[in-house]
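Chemist: Provide a 3D model corresponding to the input given below.
(one chain, ligands or ions: 2)
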Amino acid sequence: MGQKIILPGLIDPHVHLRDPGQTHKEDFLTGTSAALAGGYTTIFDMPNNAEPITTEERLNTKIASAQNQVVCDVGFHFGTLGDNFDEFEKVIDKVSGLKIYMNVTTGNFIINSDKLIEIYKAWPGTKPILLHAEDDVSDIVFKTLREIKTPTHICHVSSEAELTFVMKAKEEGLPITCGVTPHHLFLTDRDAEEKGAWAHMKPSLKTQKDQDFIWRHMDAVDIIESDHAPHTKAEKQGNPPPFGVPGLETTLPLMLTAEQKGKLSRQQLIDRLHTNPAKIFDVSVDKSTTIEVDMDEFEISNEKMLTKCGWSPFAGQRVVGEVQKVTIRGSIVFENGEVLVSPGSGKIIN
Ligand code: DOR
Ligand code: ZN
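Modeler: Ligands and ions are numbered 1, 2, ... in the order given. Modelled structure (predicted):
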């Protein structure tokens, strides 16, 4: 065994655990087990389930399903298509944010951008709004944020144009943060051509120039978010394949490998995988929630994955940073590839 490092438990504000409704892809137990294997102790689940989480009743059903399955801490983002404002007050204390889809992706759960301002007015500004907002809708986002100052997190920024928009909004003092996914940091449109469906996601992979721009402006990136979006191998081989790739088990090793190559510092890594997501999504941090990581090289392998989908676009890649042990509030919950606690021992947070 090589050098070991200790890091604080990682926090991912952007995962899709598919439960309820599409538990053939992932469920709360397999998804949170994958989280632990990847060094995450707190994750936030997105609302684009088969039946989108747009009512208190659906949210309650989801929380009930999570309660007896999760093995790490899990919070939830609420959803909207602009027609459920009555639900907002009812769920505000049970969720961590409101996710709005402004571009096409899995679930076709997309608003008409004319509705954005109305939604901002209706959402209690005490919890952030998360936007799937690609380049084409940046003007409307700008306009809305100038009018209503609800903290807004732009998910999975993928291009020079999108990051430039975020940088401009920050310069103007607007309450904006952004996340970048590992697939946009380590894959480009050339991989999309080579890997086909296995690298098919939204936003799509961009050019080397876009990727270089994001790496050069890492200071403007608040969070590295996995956008863990599992689909089965059979589904990915279908026509058309669904959008999305899993990411919970590969994000930390990819980032630690990038650190070793001098692409970012240890402090930048910890800020983006722990400190900033804790701040932005109001996660109370426990000093005895830590992960132990082995810095020997290893190969990413589909066989070892705990995610139910059982594949990764990064399989075969040699990286450093295998998670050996995860401790939550002083108790060891994961060690040497195995979850040590029973389903339901994780905490539901808001
Ligand atoms: O590629 C993606 N997959 N992008 C999204 O925005 C959603 C996700 C999913 O749920 O599969
Ligand atoms: Zn997503």
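
Chemist: Do a quick rundown of the helices in the stretch 201-350 of the chain.
Modeler: Along the stretch 201-350 of the chain, counting by DSSP state H, counting those that start in this stretch, helices occupy 208-216, 233-236, 251-260, 266-270, 276-280.

Chemist: what about those, which gets the closest to ligand 1?
Modeler: Closest of the helices of the stretch 201-350 of the chain to ligand 1 is helix 233-236, at 10.1 Å (criterion: CB to the nearest ligand atom). Quick note: C-beta positions are derived from backbone N, CA and C, even for glycine.

Chemist: from the chain's centre, how far out does the closest one sit?
Modeler: 21 Å (CA atoms, centre = their mean, to the nearest Å).

Chemist: buried sites along that helix?
Modeler: Buried residues in helix 233-236, counting neighbours by 16 or more other CB atoms under 10 Å, are found at 235-236.

Chemist: Can I get that helix in PDB, CA atoms only?
Modeler: This file holds the C-alpha atoms of helix 233-236, laid out as PDB (Å, rounded to 0.1, in the frame of the first residue of the first chain):
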ATOM      1  CA  LYS A 233     -25.600  -0.900 -20.500                       C
ATOM      2  CA  ALA A 234     -28.500  -2.200 -22.500                       C
ATOM      3  CA  GLU A 235     -30.200   1.200 -22.500                       C
ATOM      4  CA  LYS A 236     -26.900   2.900 -23.600                       C
END
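
Chemist: circling back to that earlier point, just tell me which of the helices of the stretch 201-350 of the chain ends up closest to residue 305.
Modeler: Smallest distance to residue 305 across the helices of the stretch 201-350 of the chain (CB to CB): 11.3 Å, for helix 233-236.

Chemist: hmm, who's touching the closest one?
Modeler: Under the criterion CB atoms under 8 Å, 6 or more residues apart in numbering, residues 25, 197-198, 200, 241-242, 309-311 lie in contact with helix 233-236.

Chemist: go again using 6 Å as the cut-off
Modeler: With CB atoms under 6 Å, 6 or more residues apart in numbering as the contact definition, helix 233-236 has outside contacts at 197, 242, 311.

Chemist: swap in stretch 294-312?
Modeler: 1-4, 26, 30, 33-34, 37, 230, 232-233, 246, 249-250, 314-315, 317-318, 320, 322, 324.

Chemist: how far is that stretch from where the chain is centred?
Modeler: Using CA atoms, centre = their mean, the offset of stretch 294-312 from its chain centre is 18 Å.

Chemist: for stretch 57-66, same thing?
Modeler: 20 Å.

Chemist: Report the buried residues of that stretch.
Modeler: 58-59, 61-63, 65-66.

Chemist: avg pLDDT for it?
Modeler: The average of the pLDDT scores along stretch 57-66 is 98.

Chemist: Which positions in the stretch 151-300 of the chain make contact with ligand 1?
Modeler: Counting by CB under 6 Å from any ligand atom, the stretch 151-300 of the chain comes close to ligand 1 at 201-202, 229, 243-244.

Chemist: Now flag whichever of the residues you listed is closest to residue 344.
Modeler: Among those, and counting by CB to CB, the member closest to residue 344 is residue 229, at 24.4 Å.

Chemist: Number of residues surrounding that closest one?
Modeler: If you count neighbours by other CB atoms under 10 Å, residue 229 ends up with 27.

Chemist: Tell me which residues touch it, please.
Modeler: Contacts for residue 229 (CB under 6 Å, 6+ apart) come out as 16, 244.

Chemist: now swap in residue 170 and tell me
Modeler: residue 176.

Chemist: re earlier: what two of the residues of the stretch 151-300 of the chain next to ligand 1 are the furthest from one another?
Modeler: Taking CB to CB, no two of these sit farther apart than 202 and 229, at 8.8 Å.

Chemist: Verify the stated contact: residue 137 with residue 114.
Modeler: No - Residue 137 is beyond contact range of residue 114, at 11.0 Å (criterion: CB atoms under 6 Å).

Chemist: Tell me which of the two has more neighbours.
Modeler: Between residue 137 and residue 114, residue 137 has the larger neighbour count (other CB under 10 Å), namely 17 against 9.

Chemist: now the nearest residue to the more buried one once chain neighbours are set aside: how far from residue 226?
Modeler: Nearest residue to residue 137 in three dimensions, chain neighbours excluded: residue 102, at 4.6 Å (CB to CB, 6 or more residues apart in numbering). Distance from residue 102 to residue 226, counting by CB to CB, to the nearest Å: 21 Å.

Chemist: can you check residue 350 too?
Modeler: Applying CB to CB, the value for residue 350 to residue 226 is 21 Å.

Chemist: quick one, which of the two is more surrounded?
Modeler: residue 226 (31 against 15).

Chemist: For the nearest residue to that one once chain neighbours are set aside, what are phi and psi?
Modeler: Closest residue in space to residue 226, ignoring its immediate chain neighbours: residue 247 at 3.3 Å, by CB to CB, 6+ apart. When read as degrees, to the nearest 10, the backbone of residue 247 gives phi -150, psi -10.
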